[in-house]
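[1] let's see this in three dimensions:
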Amino acid sequence: MSPAAGDMPRESEIKIPVGNLAGIRARAIDAGGSVVSARHRESNILFDDATDSIRAAGRALRLRRAEGRAIVTAKGPARFEDRVKVREEIETAVEDGDALERILFRLGFVPVFRYEKYREEIRIGDGLLALDETPIGSFVELEAPPERIPHILSRLGLRSEDAVADSYAGLYARRRLADPALAPDMLFPP
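    This is a model prediction of the structure:
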């Protein structure tokens with residue numbers, strides 16, 4: 001039995017490129033935020049089938065490894081409400097990320113994009129602030145109820161007008177168009 005559409009887990013977030021994560025972090029802590037996940041390295045793999053049907057439908061299938069855990073996530077197509085990305089998101093921890101990767105491969109899914117980042121997460125009010133350092137720059141992601149995002153951004157000195165709509169895969173694809181010498185995946189140097 002499938003859940004009713006209204007019962008589907010939903011993600012609402014905004015992503016903003018920033019030059020100074022330390023300043024944002026300090027403002028978040030000053031505003032009463034608390035660190036829920038210290039700075040750590042994340043490894044992410046996006047999967048698709050041979051016809052690219054997941055990406056073509058605006059969906060995503062991701063395996064994330066961080067802090068000794070593996071999490072699989074399915075994301076639905078995104079829509080935007082005042083620069084806030086809203087989409088269905090279902091995720092769960094898996095005991096063995098390597099086994100899941102083999103299962104996905106056997107089902108016909110292949111890795112299509114790998115990306116890494118360093119992330120710290122701070123709870124601020126009813127929002128979760130992620131401070132991301134990537135090979136293509138620093139970003140702030142704020143996940144919160146859509147109506148709360150402008151208020152939290154204001155407390156951090158950020159503006160929704162500066163948000164980017166693209167995922168990290170999309171941002172990196174655009175960067176590679178400008179610099180074709182970049183590697184196919186967004187990884188830190190070994």
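[2] distance of residue 78 relative to residue 189?
    31 Å (CB to CB, to the nearest Å). Using the backbone N, CA and C atoms, a C-beta is placed for each residue, glycine as well.
[3] where does this structure have its least confident helix or strand?
    strand 79-81 (a mean of 90; mean pLDDT, DSSP states H and E).
[4] what's in contact with that one?
    Strand 79-81 is contacted from outside by 12, 85, 86, 87, 146, 165, using CB atoms under 8 Å, 6 or more residues apart in numbering.
[5] of those, which is the most crowded?
    residue 85 (22 neighbours; other CB atoms under 10 Å).
[6] so what's that one closest to, chain neighbours aside?
    Spatial nearest neighbour of residue 85, excluding adjacent residues (CB to CB, 6 or more residues apart in numbering): residue 78 at 4.9 Å.
[7] residue contacts, that neighbour?
    58, 85, 86, 87, 165.
[8] turn the residues you listed into a markdown table, including secondary structure.
    Shown next, in a markdown table, are the contacts of residue 78 (DSSP: H, G, I helix; E, B strand; the rest coil):
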| residue | secondary structure |
| --- | --- |
| 58 | coil |
| 85 | strand |
| 86 | strand |
| 87 | strand |
| 165 | coil |
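[9] which one of the residues you listed is nearest residue 118?
    Distance ranking of those against residue 118, using CB to CB, places residue 85 first at 21.7 Å.
[10] need the contact list for the closest one.
    Contacts of residue 85 by CB under 8 Å, 6+ apart are 11, 12, 13, 14, 15, 78, 79, 165.
[11] what residue ranges in this protein are flagged as low confidence?
    Scanning the chain for pLDDT under 70 picks out the ranges 1-8.
[12] and the strands in it?
    Secondary structure of the chain (DSSP state E): strands at 10-18, 34-48, 60-66, 69-75, 79-81, 84-94, 110-124, 127-134, 137-143.
[13] now do the end-to-end distance for stretch 121-133.
    Distance between the two ends of stretch 121-133: 12 Å, counting by CA to CA, to the nearest Å.
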